[in-house]
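> Here is a sequence together with a model predicted from it:
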Amino acid sequence: MDINTLRGFATIVVLVTFIAICIWAYSSKRKHDFEEAANLPFADEDDQGDGKGER
């Protein structure tokens, strides 16, 4: 087995890993979790009231 064969196997492993991550990320099972994470920066806005709080 020479270095080019190992490089070919490594390329295939990386490609399969990339495809698996894409399938995982776009899976409908994960949609709720990702939507919840995307809204985290806005979660504190509800706790601030009318903006006339103490400083």
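All right, it came through fine.

> Okay, helices next: where are they in the chain?
Secondary structure of the chain (DSSP state H): helices at 3-25, 31-38.

> which residues are contacting the first one?
Looking back up the chat, that one is helix 3-25. Helix 3-25 is touched from outside by 30, 34, with contacts defined as Cβ atoms under 8 Å, 6 or more residues apart in numbering. The way it works is simple: take the backbone N, C-alpha and C, and place the C-beta from them, glycine included.

> average pLDDT across it?
Helix 3-25 shows a mean pLDDT of 96.

> send the alpha carbons of that helix over as CSV?
Extracted in CSV, the C-alpha atoms of helix 3-25 (Å, rounded to 0.1, in the frame of the first residue of the first chain):
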residue,chain,number,x,y,z
ILE,A,3,0.9,6.9,0.1
ASN,A,4,-1.5,7.6,-2.7
THR,A,5,-3.8,4.7,-1.7
LEU,A,6,-3.8,6.1,1.9
ARG,A,7,-4.6,9.5,0.6
GLY,A,8,-7.5,8.1,-1.4
PHE,A,9,-8.9,6.3,1.7
ALA,A,10,-8.5,9.5,3.7
THR,A,11,-10.4,11.5,1.1
ILE,A,12,-13.3,8.9,1.1
VAL,A,13,-13.4,9.0,4.9
VAL,A,14,-13.5,12.8,5.0
LEU,A,15,-16.2,12.9,2.3
VAL,A,16,-18.4,10.4,4.1
THR,A,17,-18.0,12.3,7.4
PHE,A,18,-19.0,15.6,5.6
ILE,A,19,-22.1,14.0,4.1
ALA,A,20,-23.0,12.5,7.5
ILE,A,21,-22.7,15.9,9.2
CYS,A,22,-24.8,17.5,6.5
ILE,A,23,-27.5,14.9,6.9
TRP,A,24,-27.4,15.3,10.7
ALA,A,25,-27.6,19.1,10.5
